[in-house]
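kindly return the folded structure for what I paste below:
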Amino acid sequence: MKFIGYILAVAVCACHCPAVAQQIDQWPASQRYVADEVVAVVGSSMVLLSDLRMAEDYIKQSYIERGYTGADPEAEALETILVQKLLASQAAIDSLTINTSQVDDQVEAQLDAYVRSKGSVKAVEDYFNRPIFSVRDHLRRRLTESEMARAMKNKVEEGATVTPSEVLKFVRRLPKDSLPMVPEQYVYAQVVKYPKNDDDAKLNVKEQLLSLRDRILKGTSFSALARMYSEDYASASRGGEMDPQSKDGFVSPFAEALEALKPGQVSEIVETEFGYHIIELLDVDGDLYHCRHILMRVRFDPEDRERALTLLDSVVHKVRVDSLSFDDAVKRFSDDVKSKQSGGVVANSTYDMYNIPRLKTNRFFRDELGIDYEYLRGLQPGQMSDAFESIDQTNMNELVKFVKLVELIPAHVATFDDDYTQLEDLAVSVKKQEIFDRWLDKKIDEMYVRIEAPYDKIKLSNPRWNK
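Model (predicted):
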């Protein structure tokens, strides 16, 4: 079961990822399946031959890309689908809910990808040998099942934590050649200028939001306006809708505004670290708040941006010729409160966004640096970049900055003292897998499972399936 979690994600992608859809379109006609038969039944859900063959072909391709040899893609594919069916069935029994609007958006994105690839709706219908409404229903069922399975797996694994002593024991049990390699890491500092946040700029944003709020109260669709105007692009594509979560999952001003609303009500303007919002509460289920919002932010005007770039370039020059220390540059010119308190050194808040404070660090992997990497990669420790335009770690707020490379930590084998967070993550992932495997063994025994001949002869890693 070691790779089930990974393969499950790959198989799910095959159901609704546009890139995968394009790969599937390129498969020979002999690898497309119209006629079907039942391979297995899990609970009240059937595993069809077409699903098995599609998953098998995708796994074969992933083996080729990763250089795997000697594995059995048919067995991997069947066990992956069986696990997903069991998870989805148990999710239904437990009455777990998913974001159906997000599923609908992904279904439409998949359909759009097929229409662009084939050239017309008619061509898509011919390809699937069914009318477009049937294609849509088919995709919705698949994606709903995969999301239910994901929700169930998260529920099973929630609360899996380890103490430092458990991490130490875990590391000591690992063979030395099994310790993970930690990629190259960067520690850096910055001097930041944000857009001029004066009263006029704030007033302009507030007036725009008040106008949108007035239109909503007069009957205009909140979701339509969110799609057109919200600067939270992840939720804007869903009409401003956010996943249901407890109030602790929102920043405090946002959470306080939600608490004051009744379902169907729209808030006044709410200011947070992300910008300015108007919020509509959709419903409350226990401690879960389901809402949508429209976000707008104060942005640079062109002249303000040029002034900030010119100012910071002059500051860089002064630091380089020793007429100004970097620490003084941070104190006098940086607008970023968090890094200013640590002499400009940037804290990695990537994990803070997921409310996991145990992972606070000032080290960054390359893929966590975003735009900043382009300006850090050519520097030696102690050197600074020129001023450049960037965005903050929320990927939302514009800014102008220059950066200084403090330390470059080469790739190395993880050690308990220097790389605790990476080893903790590994220990937690192993613990989650152990919890999930025990739960799965129990559920296979409890749930109705039947694998039809000749597929019951396929050798699966968990022998409980063949009962």
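
going by C-alpha atoms from here, please, whenever you check contacts or count neighbours.
Fine.

where does E271 sit: helix, strand or coil?
strand (DSSP: H, G, I helix; E, B strand; the rest coil).

spatially nearest residue to it, not counting backbone neighbours?
The shortest distance from E271 to any non-neighbouring residue, by C-alpha to C-alpha, 6 or more residues apart in numbering, is to H277 (6.4 Å).

tally of neighbours for that neighbour?
25 (other C-alpha atoms under 10 Å).

separation between it and R213?
10 Å (C-alpha to C-alpha, to the nearest Å).

repeat that for E241.
E241 is 16 Å from R213, by C-alpha to C-alpha.

compare those two (neighbour count), which wins?
Between E241 and R213, E241 has the larger neighbour count (other C-alpha under 10 Å), namely 26 against 22.

partner residues bridging that one?
Per DSSP bridges, the residues bridged to E241 are R292.

what's near enough to touch it?
223, 235, 290-293 (C-alpha atoms under 8 Å, 6 or more residues apart in numbering).

farthest-separated two in those residues?
S223 and H290 (13.8 Å; C-alpha to C-alpha).

got any ranges where the stretch 51-200 of the chain has weak pLDDT?
Counting by pLDDT under 70, the stretch 51-200 of the chain contains low-confidence residues at 197-198.

ok, which stretches of it are helices?
73-93, 100-118, 121-128, 132-157, 164-173, 199-217 (DSSP state H, counting those that start in this stretch).

right, so those helices: which one is the most enclosed?
Ranked by mean neighbour count, these are led by helix 73-93 with a mean of 22 (mean count of other C-alpha atoms under 10 Å).

next, the angle helix 132-157 makes with that one.
80 degrees (axes from the mean of the first three to the mean of the last three C-alpha atoms, to 10 degrees).

what's in contact with helix 73-93?
Contacts for helix 73-93 (C-alpha under 8 Å, 6+ apart): 4, 7-8, 11, 42-45, 47, 52-53, 55-57, 59-60, 145-146, 148-153, 443-444, 447, 458-461.

restricting to C-alpha, output it in PDB.
The C-alpha atoms that make up helix 73-93 are tabulated as PDB, following Å, rounded to 0.1, in the frame of the first residue of the first chain:
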ATOM      1  CA  PRO A  73       0.200  -1.500 -13.600                       C
ATOM      2  CA  GLU A  74      -3.100  -3.500 -13.900                       C
ATOM      3  CA  ALA A  75      -2.800  -4.500 -10.200                       C
ATOM      4  CA  GLU A  76      -1.900  -0.900  -9.200                       C
ATOM      5  CA  ALA A  77      -4.800   0.400 -11.200                       C
ATOM      6  CA  LEU A  78      -7.400  -2.000  -9.800                       C
ATOM      7  CA  GLU A  79      -6.300  -1.600  -6.200                       C
ATOM      8  CA  THR A  80      -6.300   2.200  -6.600                       C
ATOM      9  CA  ILE A  81      -9.900   2.200  -7.900                       C
ATOM     10  CA  LEU A  82     -11.000  -0.200  -5.200                       C
ATOM     11  CA  VAL A  83      -9.500   2.100  -2.500                       C
ATOM     12  CA  GLN A  84     -11.200   5.100  -4.000                       C
ATOM     13  CA  LYS A  85     -14.600   3.300  -4.300                       C
ATOM     14  CA  LEU A  86     -14.400   2.100  -0.700                       C
ATOM     15  CA  LEU A  87     -13.400   5.600   0.500                       C
ATOM     16  CA  ALA A  88     -16.300   7.200  -1.400                       C
ATOM     17  CA  SER A  89     -18.800   4.600  -0.100                       C
ATOM     18  CA  GLN A  90     -17.700   5.200   3.500                       C
ATOM     19  CA  ALA A  91     -17.900   9.000   3.000                       C
ATOM     20  CA  ALA A  92     -21.500   8.600   1.900                       C
ATOM     21  CA  ILE A  93     -22.300   6.400   4.900                       C
END
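
next one: that helix to chain centre, how far?
22 Å (C-alpha atoms, centre = their mean, to the nearest Å).

between the contacts of E241, which is nearest S165?
H290 (38.6 Å).

what about the closest one, distance to K122?
38 Å.

S349 now?
Distance from S349 to K122, by C-alpha to C-alpha: 48 Å.

what's the answer for I98, then?
On the measure of C-alpha to C-alpha, I98 and K122 end up 31 Å apart.

what's the answer for K431, then?
49 Å.

quickly list what Q190 is bridged to.
Beta-bridge partners, per DSSP bridges, of Q190: V403.

burial measure for it, as a count.
Neighbour tally, Q190, other C-alpha under 10 Å: 23.

do the same with P410
There are 11 residues near P410, going by other C-alpha under 10 Å.

what sits against the residue nearest to it when sequence neighbours are not counted?
Spatial nearest neighbour of P410, chain neighbours left out: E184 (4.7 Å); criterion: C-alpha to C-alpha, 6+ apart. The neighbourhood of E184, defined by C-alpha under 8 Å, 6+ apart, consists of 365-366, 408-412.
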